[in-house]
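Trainee: would you be able to build a 3D model of this:
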Amino acid sequence: MGDEETGSAEPQTWHHGLVATWWAEFNDDFRPHEVPYFERHVERDGEPALDVACGSGRLLIPCLRDGLDVDGCDVSADMIEHCRAKAAREGLTPTLFVQPMYELRPPRRYRTIFVCGAFGLGSTREQDAVALRSFHELLEPGGTLLVDVEVPYADARQWGYWIADGRRALPEGLPPPRERRLASDGAEYTLRGRVVDLDPLEQRVTLLMHAERWRDGALDAAEDRTLTINLYFRNELQLMLERAGFADVRVEGDHNDLPATPDDEFLVFVARKAS
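Mentor: A predicted model of the protein is given here:
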């Protein structure tokens, strides 16, 4: 078995190539309630704003469409190009740049920074801590950072791999083929994912995504890409934010402006920089 079967020691991200194309084509309607939530915060907490790990613009483009001053960055050049093309089709010209969140060098400072569905992806815990310190530095005094995470116990199947008996079933086999979906380029795409490793000591899961592109009924291209995710519980991430310098940190439920509860599968950390 190679790294793709056992889990690589090096952090990796899968948002490139065919996977990036699938994400850009078919992911805009994923968790639609997140868009108004982050828009409300930008309107309330102030502009300009930065969408960190903006991907192909699922949140960024609606913000721009509604007249908000928001920049975007992502670790994947492929995703940024998809975002730029989608924005151009609507007559929008956002400021976009390719950088991982732990090496941010944006063109300006911000009143609001938000990270949706991307914190801990393809990074080490040390890099995540650096990213939080960078966010604090890049915010204007009194500015707001929003970071959401899916709690480790949200996925019942994956939660079973935290115990030794459960991990003996890893790596998972590739699930059966899914129905192909027609994209704007005339090709059809499929995407299948599986868990290949979970390290409870490091609190990190490794997933593998298999993407295929079909043209005229024939397989045209196929790629396997790996993603590592650092898994965070509430107290750890709250302490990391406080150590990064944030003076006021509150934890909300699933993009609902309410205090978090044990039943929330997503948590949003709302952290403010001192004025």
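Trainee: C-alpha only now, for contacts and for neighbours.
Mentor: Will do.
Trainee: what ranges do the strands span in the stretch 101-250 of the chain?
Mentor: For the stretch 101-250 of the chain, applying DSSP state E, counting those that start in this stretch gives strands covering 110-115, 139-150, 181-182, 188-199, 204-215, 218-230, 248-252.
Trainee: and those strands as TSV, adding distance to residue 57?
Mentor: As requested, these are arranged in TSV below (distance: least, Cα to Cα, whole Å):
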stretch	distance to residue 57
strand 110-115	12
strand 139-150	17
strand 181-182	20
strand 188-199	20
strand 204-215	21
strand 218-230	20
strand 248-252	24
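Trainee: from the ones you listed, which stretch is densest packed?
Mentor: Across those, the average number of neighbours (mean count of other Cα atoms under 10 Å) peaks for strand 110-115, which reaches a mean of 24.
Trainee: circling back: for the strands of the stretch 101-250 of the chain, give me a markdown table that also has mean pLDDT and distance to residue 60.
Mentor: Listed next are these as a markdown table, based on pLDDT from 0 to 100; distance: least, Cα to Cα, whole Å:
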| stretch | mean pLDDT | distance to residue 60 |
| --- | --- | --- |
| strand 110-115 | 98 | 10 |
| strand 139-150 | 98 | 14 |
| strand 181-182 | 96 | 24 |
| strand 188-199 | 97 | 24 |
| strand 204-215 | 97 | 25 |
| strand 218-230 | 96 | 23 |
| strand 248-252 | 97 | 22 |
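Trainee: closest one to residue 260 among these?
Mentor: When these are compared by Cα to Cα, strand 248-252 sits nearest residue 260, at 4.4 Å.
Trainee: packing partners of the closest one?
Mentor: Judged by 3 or more Cα pairs under 8 Å, 6 or more residues apart in numbering; DSSP states H and E, strand 248-252 is in contact with helix 234-243, strand 266-272.
Trainee: which parts of the stretch 51-200 of the chain are helices?
Mentor: 60-65, 77-89, 125-138, 156-159, 164-167 (DSSP state H, counting those that start in this stretch).
Trainee: distance from the fourth one to the middle of the chain?
Mentor: From the chain centre to the centre of helix 156-159 is a distance of 20 Å (Cα atoms, centre = their mean, to the nearest Å).
Trainee: same deal with the third one?
Mentor: Average the C-alpha atoms of helix 125-138, do the same for its chain, and the two points are 15 Å apart (Cα atoms, centre = their mean).
Trainee: quick one: average confidence on that helix?
Mentor: For helix 125-138, the mean pLDDT works out to 98.
Trainee: and the angle from it to strand 218-230?
Mentor: Between helix 125-138 and strand 218-230, the angle comes out at 80 degrees (axes from the mean of the first three to the mean of the last three Cα atoms, to 10 degrees).
Trainee: which other helices and strands contact helix 125-138?
Mentor: So helix 125-138, by 3+ Cα pairs under 8 Å, 6+ apart, packs with helix 234-243.
Trainee: buried set for the helix it packs on?
Mentor: For helix 234-243, the neighbour count (16 or more other Cα atoms under 10 Å) marks 237, 238, 240, 241, 242 as buried.
Trainee: kindly report the same for stretch 252-270.
Mentor: Those would be 252, 253, 254, 255, 260, 265, 266, 267, 268, 269, 270, for stretch 252-270 by 16+ other Cα under 10 Å.
Trainee: same check, this time on stretch 40-58
Mentor: For stretch 40-58, the neighbour count (16+ other Cα under 10 Å) marks 41-42, 45-58 as buried.
Trainee: so what touches that stretch?
Mentor: Stretch 40-58 is touched from outside by 23-24, 27-29, 59-60, 68-76, 79-84, 86-87, 100-101, 109-116, 118, 143-144, with contacts defined as Cα atoms under 8 Å, 6 or more residues apart in numbering.
Trainee: go again with 6 Å.
Mentor: Under the criterion Cα atoms under 6 Å, 6 or more residues apart in numbering, residues 24, 28, 69-74, 79, 82-83, 110-115 lie in contact with stretch 40-58.
Trainee: could you dump the buried residues of stretch 252-270 to JSON lines with distance to residue 92?
Mentor: Converted to JSON lines, the buried residues of stretch 252-270 look like this (distance: Cα to Cα, whole Å):
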{"residue": "252", "distance to residue 92": "32"}
{"residue": "253", "distance to residue 92": "32"}
{"residue": "254", "distance to residue 92": "29"}
{"residue": "255", "distance to residue 92": "26"}
{"residue": "260", "distance to residue 92": "36"}
{"residue": "265", "distance to residue 92": "34"}
{"residue": "266", "distance to residue 92": "31"}
{"residue": "267", "distance to residue 92": "31"}
{"residue": "268", "distance to residue 92": "28"}
{"residue": "269", "distance to residue 92": "30"}
{"residue": "270", "distance to residue 92": "29"}
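Trainee: understood, closing this out.
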